[in-house]
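Asker: curious how this folds, go ahead:
(chains A and B)
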Amino acid sequence: MREYPLLIIGGGLSGLAAGIRFARFGQKVLILEKHSKAGGLNSYYYRKGRLLETGLHAITNYAPPEDKHAPLNRLLRQLKIPRRTLKLRQQHTSEILFPGRANLCFSNDFSLLQSQVAKRFPDSVKQFEKMLTGIDAYDAFTPRPKVSARKFVSTFLQDQLLVEMIFCPLMFYGGSDEDDMDLSQFVILFRSIFQEGFFRPEGTIKDLLGLLLQQYQDFGGEIEFSSGVKEILAVNNRISGIRTYAGEEISCDYLISTAGLPETRRLFTVPEAAATFSELPEDKTSGRLSFLESIYLFNKSARNQLPQDRTIIFYNLSGKFSYRRPDDAVDLNSGVICFPDNFEGSRQDDIIPLRVTHLANYEKWLHAYDDADKSRYTAMKTDWTERSREVVGKIIGNCSENIVYEDSFTPVTIERFTSRTQGAVYGSSEKIKDGTTNFENLYIAGTDQGYLGIVGALLSGVTMVNQHIFNRM
Amino acid sequence: MTIDEIKNVVLEIIQDIDDEADLENLNPGEALRDQLDLDSMDFLDIVMELRKRYQIQIPEADYPQLATLDSCVNYLIPRLKAA
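Answerer: Predicted coordinates:
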């Protein structure tokens, strides 16, 4: 039987980071990835000879190289990736747009958002500054029971419109709860999105994954693709190993699962072991929030019609911003419009990509899906994509005639490719903040540990190894 | 290993963790963390690197003894004598 000091379930960002950390100091480690390539929630595919990204719109937590304590730079040192070898492209300007009511622009210079708040919400300036003091003082990394971020924000801000506008981007880029979020998550997201900001590395997500994989393998880490874990094997309150779909048993001293909370629970086929892992039934831990995501490629004639100074637009059309599983298959009242080429120094290509995201109802899409006859599902996808195009066209200008390629993913697609139940990209609303479980050598990393975004996912992997494994070896 | 050799090992490890660390102006009697702008995660790397290179186990309780370059060297002298 093969034996490893550390096994990692999942070759997404958190799994790769955990692996790099462990391998860096000469320890043997194996990552088992179900899919045929790395990346998990942040991956890519090819159509028409072009690489198309899934997941990643932008990376949060931008920091200049000299800010050594910034999460991004701490992370890179931990992964032993020299900051100056990476070319990072900062966003231009992003916008929170509630048409007919207000808009707020923000960039990687936080003073822009502050001046925008002062201009549009002059009565709220003092309250906003007080909230910033509250956010600065909050320690978001010490595990503690859930606290409502809405309650926290409403102790400072009276203007409900401003409250909704602040929550809108934070929820879209990390909210795993409906219409509210845990205060720690709010603070992490507020800092990483508004105070630090968006960037993209030069190249694509494939290049970033390639860099991480290379680093992992250079340190001697092993990874196996198309190698799903079927079962986690437990003896009392210890994990002894795993069994793969191919039937191989592999034993380990430590196991890190990045599969997610309900997904990891399913890997305990013995009911007692599943109960030991978590008392919460799956319907209590499965995230309810999923998305319809469309990718468009425009020909260059669209360049002059599309906004060139906007990187990401978070819009909301309804009276109250709603961040929950919609009753309909898709909620077109709000969404995220991302221009992946609108980052500083991006190559101006003949083809212009655009990404659009809306909240979607997993059950509705699952109900329409039939593996033997996809016609109903496909028709539904075409219909909703068309309706989305119409709504988005009114916001950024209609360039439908310039579309050369389009594709959409539904919650069902997301579930299939990421193994996240119900296509819940931000995972369970229950987070295991310290990463520990009732099994003494099993840790949770990634989305359901609760650090968010790409930098967060990577830090999650690093932190679990640092805090729980290195000090016990 | 001599005292100088041990000192060089520690400096080399620090340089490896942060290639922009200013080691020229390091005061050997002052806390490394304050002078080098390192945090606890970086500090763990010094411990892990020593473990990897010389198989020395440094328990968490001993971390304070690694605070300055001088105290690091003093702590490592008996442990690296044979290395």
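
Asker: which strands and helices sit next to the lowest-mean-pLDDT helix or strand in chain B?
Answerer: Here the helix or strand of chain B ranked lowest by mean pLDDT, DSSP states H and E is helix B:32-36, holding a mean of 89. Using 3 or more C-beta pairs under 8 Å, 6 or more residues apart in numbering or on different chains; DSSP states H and E, no helix or strand is in contact with helix B:32-36. In this view, the C-beta of every residue, glycine as well, is placed from N, C-alpha and C.

Asker: in it, what counts as buried?
Answerer: B:Leu32, B:Gln35, B:Leu36 (16 or more other C-beta atoms under 10 Å in any protein chain shown).

Asker: now, among those residues, which is nearest to chain A?
Answerer: B:Leu36 (8.8 Å; C-beta to the nearest C-beta).

Asker: distance of that closest one relative to B:Ile6?
Answerer: Relative to B:Ile6, B:Leu36 is positioned 18 Å away (C-beta to C-beta, to the nearest Å).

Asker: please state the offset of the least confident helix or strand of chain B from the chain centre?
Answerer: 11 Å (C-alpha atoms, centre = their mean, to the nearest Å).

Asker: what does that helix contact?
Answerer: B:14, B:18, B:21-22, B:26-27, B:38-39, B:43, B:66-69, B:72 (C-beta atoms under 8 Å, 6 or more residues apart in numbering or on different chains).

Asker: try it again with 7 Å
Answerer: B:Ile14, B:Asp18, B:Ala21, B:Leu26, B:Asn27, B:Leu38, B:Phe43, B:Ala67, B:Thr68, B:Leu69 (C-beta atoms under 7 Å, 6 or more residues apart in numbering or on different chains).

Asker: which residues does the third one contact?
Answerer: Residues near B:Ala21 by C-beta under 7 Å, 6+ apart: B:Ile14, B:Gln15, B:Leu36.

Asker: go on, the fifth one?
Answerer: Contact partners of B:Asn27, counting by C-beta under 7 Å, 6+ apart, are B:Gln35.

Asker: after the host helix or strand of A:Ser388, next one along is what?
Answerer: For A:Ser388, the host element (DSSP states H and E) is helix A:375-396. Per DSSP H and E, the first helix or strand lying C-terminal to helix A:375-396 is strand A:403-409.

Asker: can you tell me which helix or strand A:His69 belongs to?
Answerer: Judged by DSSP H and E, A:His69 forms part of no helix or strand.

Asker: what's the separation between it and B:Asp18?
Answerer: Taking C-beta to C-beta as the measure, A:His69 and B:Asp18 are separated by 12 Å.

Asker: now swap in A:Lys34 and tell me
Answerer: 36 Å.

Asker: how about the nearest residue to A:Glu33, chain neighbours excluded?
Answerer: A:Gly11 (3.3 Å; C-beta to C-beta, 6 or more residues apart in numbering or on different chains).

Asker: cool, and A:Ile469?
Answerer: A:Tyr254 (5.3 Å).

Asker: how about the spatially most central residue of chain B, nearest residue that isn't a chain neighbour?
Answerer: The residue lying closest to the centre of chain B (C-alpha atoms, centre = their mean) is B:Val10, at 4.2 Å. Counting by C-beta to C-beta, 6+ apart, B:Val10 lies nearest to B:Cys72, which is 5.2 Å off, once chain neighbours are set aside.

Asker: what residues does chain A put near chain B?
Answerer: Residues of chain A found near chain B (C-beta under 7 Å from any C-beta of the partner chain) are A:Phe25, A:Gly26, A:Lys68, A:His69, A:Arg74, A:Arg77, A:Gln78, A:Pro82, A:Asn466, A:Phe470, A:Asn471.

Asker: picking up where we left off before, and the residue nearest to A:Ile469, how many residues sit next to it?
Answerer: 24 (other C-beta atoms under 10 Å in any protein chain shown).

Asker: what residues does it make contact with?
Answerer: Shown in contact with A:Tyr254 (C-beta under 7 Å, 6+ apart): A:Pro5, A:Leu6, A:Asn441, A:Ile469.

Asker: quick revisit: need the residues of chain A next to chain B in CSV with secondary structure, can you?
Answerer: Output for these, formatted as CSV (DSSP: H, G, I helix; E, B strand; the rest coil):
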residue, secondary structure
A:Phe25, coil
A:Gly26, coil
A:Lys68, coil
A:His69, coil
A:Arg74, helix
A:Arg77, helix
A:Gln78, helix
A:Pro82, coil
A:Asn466, helix
A:Phe470, helix
A:Asn471, helix
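
Asker: which of these tops the neighbour count?
Answerer: Busiest of the residues of chain A next to chain B [other C-beta under 10 Å] is A:Gln78, holding 24 neighbours.

Asker: quick one, what contacts that residue?
Answerer: A:Arg21, A:Val462, B:Met41.

Asker: look up phi and psi at the last one.
Answerer: The main-chain torsion angles of B:Met41 are listed as degrees, to the nearest 10 and equal phi -70, psi -40.

Asker: that one contacts A:Arg74, doesn't it?
Answerer: Yes: using C-beta atoms under 7 Å, B:Met41 is in contact with A:Arg74, at 5.9 Å.

Asker: what's the local residue count around the residue nearest to A:Glu33?
Answerer: For A:Gly11, using other C-beta under 10 Å, the count is 27.

Asker: residues touching it, list them.
Answerer: Applying C-beta under 7 Å, 6+ apart, the residues near A:Gly11 are A:Ile31, A:Glu33, A:Ala38, A:Gly40, A:Ile223.

Asker: what does A:Leu41 give?
Answerer: A:Gly12, A:Gly55, A:Thr418, A:Val425.

Asker: pick the one among those residues closest to A:Arg200.
Answerer: A:Arg200 lies nearest to A:Gly55 out of those, by C-beta to C-beta, at 12.6 Å.

Asker: the residue nearest to the centre of chain B: helix or strand, and which one exactly?
Answerer: helix B:3-17.

Asker: now do stretch A:347-366: distance from first to last residue.
Answerer: End-to-end distance of stretch A:347-366 (C-alpha to C-alpha, to the nearest Å): 38 Å.

Asker: for stretch A:416-436, same thing?
Answerer: Span of stretch A:416-436 from end to end, C-alpha to C-alpha: 27 Å.

Asker: so which bits of stretch A:30-47 are buried?
Answerer: A:30-35, A:38-44.

Asker: burial check on the residue in the stretch 201-350 of chain A that chain B sits nearest to, number of neighbours?
Answerer: When scored by C-beta to the nearest C-beta, the stretch 201-350 of chain A has A:Phe219 as its residue closest to chain B, at 10.7 Å. By the criterion of other C-beta under 10 Å, A:Phe219 has 19 neighbours.

Asker: show me what contacts it?
Answerer: A:Ile20, A:Ala23, A:Arg24.

Asker: swap in A:Leu297?
Answerer: A:Ile351, A:Pro353, A:Val404, A:Tyr405.

Asker: surely it forms part of a strand?
Answerer: Yes: counting by three-state DSSP, A:Leu297 is found in a strand.

Asker: quick one: it from A:Asp349, how far?
Answerer: Distance from A:Leu297 to A:Asp349, by C-beta to C-beta: 10 Å.

Asker: coming back round to it: so which of the contacts of helix B:32-36 comes closest to chain A?
Answerer: Among those, and counting by C-beta to the nearest C-beta, the member closest to chain A is B:Asp18, at 6.2 Å.
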